[in-house]
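**Q** Starting from these lines, generate the structure:
(chains A, B and C)
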Amino acid sequence: MTALSVLFVLFAAMGLFGAVMVLVARNPVHSVLFMLSAFVSVAGMFVLMQAEFVAVLQVLVYSGAILVLFLFVIMLLARSERPIPALSQPLQAPVAITVGLMLAVEIGLVVLTGAVDRGVSGPDTPQAIAAVGGNVEALGRQLYTTWLLPFEVASVLLLVAAIGAIYLAKEEL
Amino acid sequence: MEAYLWIIPLAPLIAFLVNFLLGRRMTDAATGLFATGSVAVSLLLSVLVFVQLDPEHVLNIELYSWIPSGAFQVGVGAYVDQLTSLMLLVVTSVSLLVHVYSIGYMRGDSGYYRFFSYLPLFTFSMLMLVLSNNFLQLYVFWEAVGVCSYLLIGFWYTRASASNAAMKAFIVNRVGDFGFGLGVVLIFVTFGTLAYADVFARAEDVAAGTLTVITLLLFMGSMGKSAQWPLHTWLPDAMEGPTPVSALIHAATMVTAGVYLVARANPLFEAAAGTLTVVAVVGLVTALLGATIGLVQNDIKRVMAYSTISQLGYMFFALGMGAYVSAIFHLFTHAFFKALLFLGAGSVMHGLNGETDMRRMGGLRRYMPQTFATLLIGSLALAGVPPLAGFWSKDEILGLAFIEHQYWIYGLGTLASFFTAFYITRLMALTFLGSPRFDTETIHPHESPRSMTVSLWTLAGLSVVAGFVGAPPEAGFIHRFLAPVFEHGPEATAEHAGGFTTEVLLLMLTATTVSVLGIVLGLAVYAWRTPALDPAVWGRRLRPVYNMLVHKYYYDELYDSLFVRTSRALGGGLWRFDARVVDGAVNGMARSVSDTGGTMRRLQTGLVGNYALAISLGLVALVAYLFFQV
Amino acid sequence: MSPPLEWYLLFSAALFSIGLVGVLVRRHVLIIFMSVELMLNACNVALVAFGRHLNTLTGQNFVVFVVTVAAAEAAVGLGLILALSRHKDTVDVGEMDILKH
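**A** Numbers count the residues shown, from 1 in each chain, chains lettered A, B, ... in the order given. Model (predicted):
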């Protein structure tokens, strides 16, 4: 068992535990905090995969911005809190869990029967990435040349989202 | 002849159009005169045709090509031979006399102009029927005369009995016409053409069995149109129409169309196997049927109607024996004396304000001498008393039956003859002799106006002399005249030469004796009131027979239960099927759709969670399908 | 030796399923939203894993955009939730059934 494998198992366990607790926790704030642990373990997993930029992005944007946003909204909604049942209508829960299990099993089967091993190998081997100057450099180059247009559109999207969010959340329209 | 031939039917047609379209704005006198004048023109031209007829050569001209459709070629044309010429004369002369009579008879009727448009329309249709040169044209005008008959029987359409009678006539005719139509189709299928000339020329090349079927089908049409058993039930009811209509259509012309058909198609009937036997049997049965029912009827016009049925039966069994000329000869004479009898009955009714029940007449001899005299001549002619017309034609048929060894036909025909003499004498006695059985204070019978009596006297004269065209028997003018038309018939190949042989004279004597016996018996019962022959007593003694005859052998009741009730039941059943099954299916489908919709809409719970679950299920299923080919 | 591709994919599958169950089972609208974020994260993991396995940086590029879109979506979605809960005075998804037949 290499060190990387051990780390993987650690991160995986933490992530799955956090995810399950998000569902199970009664208090929404607890859910947010468990979610944080899940996100951080995913970030760790990214680092394991030598995707440092994405890991940092995960921590900064997901844990830092989105989760904080969630906390704010929970706070804003606190006055309209009434005790609510955690689970939905009678039949929904068992069916949902069954569906989820089925999906997991299906994907697992797909993965394990080797259907996944197809795909054309690309040029960005770790050596090539190192040659360019590291993950961030390589990613940056690609982002600003090949994927420039989506990049710009994404920024417009963020602008629109910001405006939309403000507009939607206002008390008097 | 081609130059003026078409004016013969066209003149009455124009009269119809003018009177029908403009009649309301014309005076009654004008419409009457216009119609009568047009028929007079037709009569004159028919005489001209008769005079100019070429005995060697049949005139077969086509006016125009009506249906040029590949293998099916039909034109409108004329086929003029001696038979046609004779029919033209009969139709136009009787029609003219009826028109003249109607001017007086229908005076004051609110539908005067309508009457004088339908009457020439009928004349036109009948003339075109007789002139036809192909079976389809014949069929079209066959139907046309049926329509005119319907219009004229139901002339006083506000009377339920009249419009019912018109419908009955048309429907019963339709039964016969159905067979006729099939026969025409079969002719086309067999011969590839419908033109007389071609069909008759090739008649002997076709299998006898096929011709039997064809001719039987054609004869069905004759049975309907000429009121032969079993399609006889419409004619007595047709007496609901005005009496001139009965005289023209239901005595002299339309009902003789059936006889004309068989005579015209004689090459087919001769070449077929067995049809003529059927024709003879039907004719004989009808002759007896009509004569026996006529014995007990109390309505003056009904007696005449049954008499017509009976006499038409004579014509048909003559045709069945192959005696075509005799049949046509009887048609010729019968047209005159039967029309006379009907018009005379009309005169009686006119004088008594529409009374038709003979039990309420009597002693009219003093009040209506001219009517009495002319009707006397007519009834003697019908009874077959020499030297009047009926004797020569009717007894020639019976004599021929005897000579040809058809003893059954001779015997039964003579019996019917006896009955004929009896019932017509009964009619005359009840109507004119004895003392009045009506209230002489309130009812004042009067003689008819001259417009009516002129027709009566003309027809009486014709009833006297018309027979002489057929004397001596089998060797008279008419026999020589019509011989070329019936080249195939046994008459042409008969061994006997006709004329006044001993055998013939004996037969004539026998026939006369039978007729006189009938007359004497009739007078004894109804005029001299012989106590031993009191009709009421005999009626009680023979009650079952009497009831059977009074109810016309229950044919109307039979047809009612067989056809009318079943049709209505069928109609009702089908209506219920339509309302319940068909409508039920349609409504049921609509309801099932709406029920399905009602159930399906419960999927819309409004809860996002349910929708998301549905999406997930779909996702799971999709993955399973794509990756595992489930 | 780094862990094989299959492990990462199995982890991603598990995370995705948990997120799916959370969306279907919970009634608090914010928990549902967080479960959606979990599902997106699972996708990210799968993307990066594939990218590394196939020696291409396209996976990571894609993840950048996914994160961007997730952020935008979170902002707008939370704004909607605020507006909705203000209107209906509840955060219970089970009570938002105006589209019911």
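
**Q** C-alpha only now, for contacts and for neighbours.
**A** Fine.

**Q** Tell me the buried residues in the helix or strand where A:Tyr144 lies?
**A** Applying DSSP states H and E as the criterion places A:Tyr144 in helix A:135-145. In terms of neighbour count (16 or more other Cα atoms under 10 Å in any protein chain shown), helix A:135-145 has its buried residues at A:135, A:138-139, A:143.

**Q** Rank those by pLDDT and give me only the lowest.
**A** Among those, A:Asn135 carries the weakest pLDDT, at 87.

**Q** show me what contacts that one?
**A** Shown in contact with A:Asn135 (Cα atoms under 8 Å, 6 or more residues apart in numbering or on different chains): A:50-53, A:129.

**Q** Same list, those residues, but only the ones touching chain C.
**A** A:Ala51 (Cα under 8 Å from any Cα of the partner chain).

**Q** isn't B:Ala71 right next to B:Gly192, touching?
**A** Yes. Using Cα atoms under 8 Å, B:Ala71 is in contact with B:Gly192, at 7.5 Å.

**Q** which of those two has more neighbours?
**A** Per other Cα atoms under 10 Å in any protein chain shown, whichever of B:Ala71 and B:Gly192 has more neighbours is B:Gly192, with 15 against 9.

**Q** ok, back up a step: neighbour-wise, which of the contacts of A:Asn135 leads?
**A** Ranking those using other Cα under 10 Å puts A:Ala51 first, with 24 neighbours.

**Q** Over to the residue of the stretch 501-630 of chain B at minimum distance from chain C. Which of the three states is it?
**A** Closest contact between the stretch 501-630 of chain B and chain C, by Cα to the nearest Cα, is at B:Gly606 (4.0 Å). Three-state call for B:Gly606 (DSSP: H, G, I helix; E, B strand; the rest coil): coil.

**Q** ok, it to C:Lys100 distance?
**A** Note on B:Gly606: its distance to C:Lys100, by Cα to Cα, to the nearest Å, is 4 Å.

**Q** what's the answer for B:Ser69, then?
**A** Relative to C:Lys100, and taking Cα to Cα, B:Ser69 is found at 68 Å.

**Q** Please say which of the two ends up with more neighbours.
**A** Each of B:Ser69 and C:Lys100 has its neighbours counted (other Cα under 10 Å); C:Lys100 has more, 12 against 8.

**Q** Isn't the more buried one up against B:Asn610?
**A** No. Using Cα under 8 Å, C:Lys100 is not in contact with B:Asn610, being 11.5 Å away.

**Q** Helix or strand with the lowest mean pLDDT in chain B?
**A** helix B:535-541 (a mean of 79; mean pLDDT, DSSP states H and E).

**Q** Dump it to CSV, keeping only the CA atoms.
**A** Taking Å, rounded to 0.1, in the frame of the first residue of the first chain, the C-alpha atoms of helix B:535-541 are listed here in CSV:
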residue,chain,number,x,y,z
PRO,B,535,-127.4,-12.7,-54.1
ALA,B,536,-127.6,-12.1,-50.3
VAL,B,537,-128.7,-15.7,-49.7
TRP,B,538,-126.1,-17.2,-52.0
GLY,B,539,-123.5,-14.9,-50.3
ARG,B,540,-124.4,-16.4,-46.9
ARG,B,541,-124.4,-20.0,-48.2
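
**Q** returning to that earlier point: could I have the helix holding A:Tyr144 exported to PDB, CA atoms only?
**A** C-alpha atoms of helix A:135-145 as PDB (Å, rounded to 0.1, in the frame of the first residue of the first chain):
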ATOM      1  CA  ASN A 135       0.100  22.600 -13.800                       C
ATOM      2  CA  VAL A 136      -1.000  26.200 -13.500                       C
ATOM      3  CA  GLU A 137       1.200  27.300 -16.400                       C
ATOM      4  CA  ALA A 138       0.000  24.500 -18.700                       C
ATOM      5  CA  LEU A 139      -3.600  25.000 -17.800                       C
ATOM      6  CA  GLY A 140      -3.300  28.800 -18.200                       C
ATOM      7  CA  ARG A 141      -1.900  28.400 -21.600                       C
ATOM      8  CA  GLN A 142      -4.700  26.200 -22.700                       C
ATOM      9  CA  LEU A 143      -7.400  28.300 -21.100                       C
ATOM     10  CA  TYR A 144      -6.300  31.500 -22.900                       C
ATOM     11  CA  THR A 145      -5.700  30.000 -26.300                       C
END
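
**Q** Could you point out the helix or strand that follows it?
**A** helix A:148-169.

**Q** How far away from the center of its chain is that next one?
**A** Taking Cα atoms, centre = their mean, to the nearest Å, one finds helix A:148-169 lying 20 Å from the centre of the chain it belongs to.

**Q** So what touches that helix?
**A** Counting by Cα under 8 Å, 6+ apart, A:143-144, A:173, C:65, C:68-69, C:71-73, C:75-80, C:82-83 sit against helix A:148-169.

**Q** rerun at 6 Å
**A** C:72, C:75-76, C:79-80, C:82-83 (Cα atoms under 6 Å, 6 or more residues apart in numbering or on different chains).

**Q** Can you list the buried residues in it?
**A** Quick answer for helix A:148-169 (16+ other Cα under 10 Å): A:151, A:154, A:157-158, A:161-162, A:164-165, A:167-169.
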